[in-house]
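Curious how this folds, go ahead:
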Amino acid sequence: MNVVILALIFFVSFSARSQELSLTLIKNNLETTKARTVDQFLSELPKDALQHYTLVHTSRSLQQGSFDFPRAVIFSSNAKFIMSFNGSDEQRGYKSLELMEYNEIKKIYDFFTIEFSESLQNELKPQLSSPNPNKCLNCHGHSKTEITRALWDPGPEWKSAFNANHSTSYITSKNRYRWLPEFKPENNLKLTKALGSNHIESLRLHLEKNPLFDKVKPSLRVKFGTVPSTELERKEALELLRLENLDLSYSQTLNEILIRSGLPTFFLSPSLNVPINEFSDYPHHGNQIEEIIF
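Model prediction:
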């Protein structure tokens, strides 16, 4: 009896996890799908996989967005996987799903597309692209490095996205959008927090690769008061930072080290441009950035 109960618990637990939006879920669905349109493909996905999303009315990506046909950005609970589509055949990117998956080893995102014929008579199945096609890297990548990153307004206004002041019932009741649950404006903040957390993981990795960071880390701890220090130790710490031209604010120091690591400026986090004591809306970001050094 106990074995049966444990097996049932495991099955329920596994089933719950399997509903999370992921590249594995998309790949598995591609293997069996009969869909030839984005709409058909969305209809085959579990409802739970589509529960976290936001709507972008002004899009700078390959997929256009508008108030009538926004770009839907669907994300897993930790934003380690994101998928998007729009809704009008007059829009750029209408025949595709855009995907991005967080690479846990490199701590950056890999980008993919799935192209659909949008013709029910076409026998060709939709295909997943190879990772990081050039058309994705034109915005999300850097020509001289393998660095990629997600692009999303840091908030709190999210001027390009729908918010609580916008009505969306006229959108989510039509064509492709009907597979989405009711829109929740708070998802803008959820996505911002998750993307921010993932990006800070990436920043930490690249900081720790730079010997300069290792050299000045003890001095930064002294300067920003996280370890007990004598007046002499503080004087020596500040002098070292001055000699390294790092007598800057906390966030400016991290950004400067990243720049000296050869990282493109577009990779630097908007979060790092905000003083630690100003993270009232995103306290977890402040904590994460502090943990990079402390």
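
quick one: residue 42 and residue 50 touch, right?
Yes: the criterion here is CB atoms under 8 Å, and residue 42 meets it with residue 50 at 7.4 Å. C-betas here are computed from N, CA, C, even on glycine.

which one of the two has more residues nearby?
Neighbour totals were compared for residue 42 and residue 50, and residue 42 leads with 21 against 17 (other CB atoms under 10 Å).

dump the residue contacts of the nearest residue to the more buried one once chain neighbours are set aside.
Distances taken as CB to CB, 6 or more residues apart in numbering place residue 179 nearest to residue 42, at 4.5 Å, with adjacent residues excluded. Residue 179 sits next to 39, 42-43, 45, 47, 50 when contact means CB atoms under 8 Å, 6 or more residues apart in numbering.

As JSON lines, those with distance to residue 56, pLDDT and secondary structure would be great.
Below are the contacts of residue 179 laid out as JSON lines (distance: CB to CB, whole Å; pLDDT from 0 to 100; DSSP: H, G, I helix; E, B strand; the rest coil):
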{"residue": "39", "distance to residue 56": "19", "pLDDT": "96", "secondary structure": "helix"}
{"residue": "42", "distance to residue 56": "17", "pLDDT": "97", "secondary structure": "helix"}
{"residue": "43", "distance to residue 56": "22", "pLDDT": "96", "secondary structure": "helix"}
{"residue": "45", "distance to residue 56": "20", "pLDDT": "97", "secondary structure": "coil"}
{"residue": "47", "distance to residue 56": "22", "pLDDT": "94", "secondary structure": "helix"}
{"residue": "50", "distance to residue 56": "16", "pLDDT": "97", "secondary structure": "helix"}
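
now, among those, which is nearest to residue 75?
residue 50 (10.0 Å; CB to CB).

Okay, that closest one and residue 194: tell me how far apart.
Here the criterion is CB to CB, to the nearest Å. By it, residue 50 lies 16 Å from residue 194.

which sections of this structure are below the confidence cut-off?
Within the chain, the segments meeting pLDDT under 70 span 1-18, 143-144, 154, 226, 266-294.

Next, please give the residue ranges for the strands of it.
Taking DSSP state E, the strands of the chain run over residues 53-56, 71-75, 81-85, 96-103, 108-115, 127-128.

quick one: which of those is nearest residue 27?
In terms of CB to CB, the element of the strands of the chain nearest to residue 27 is strand 127-128, at 6.6 Å.

What residues does residue 44 make contact with?
Contact analysis of residue 44 by CB under 8 Å, 6+ apart lists 29, 33, 35.

do that again at 6 Å, thanks
residue 29 (CB atoms under 6 Å, 6 or more residues apart in numbering).

Nearest to residue 68 among the contacts of residue 179?
Closest to residue 68, out of all of those and judged by CB to CB, is residue 39, at 16.6 Å.

Quick check: closest non-adjacent residue to residue 192.
Per CB to CB, 6+ apart, closest to residue 192 is residue 155, 4.9 Å.

Please verify my assumption that that neighbour contacts residue 191.
No: if you go by CB atoms under 6 Å, residue 155 and residue 191 don't touch, sitting 9.2 Å apart.

Those two - which one has more neighbours?
Each of residue 155 and residue 191 has its neighbours counted (other CB under 10 Å); residue 191 has more, 24 against 18.

Now do the same contact list for that one.
By CB under 6 Å, 6+ apart, the residues touching residue 191 are 54, 75, 79.

Helices along the stretch 1-150 of the chain, start to end?
Ranges of helices within the stretch 1-150 of the chain are 2-18, 23-32, 38-44, 134-140, based on DSSP state H, counting those that start in this stretch.

which residue is nearest the centroid of this protein?
By CA atoms, centre = their mean, the chain has its centre lying nearest to residue 195, at 3.8 Å.

which residues touch that one?
By CB under 6 Å, 6+ apart, the residues touching residue 195 are 79, 150, 152.

what's around the second one, how many residues?
Residue neighbour count, defined by other CB under 10 Å, stands at 20 for residue 150.

What separation is there between it and residue 103?
Counting by CB to CB, the gap from residue 150 to residue 103 is 12 Å.
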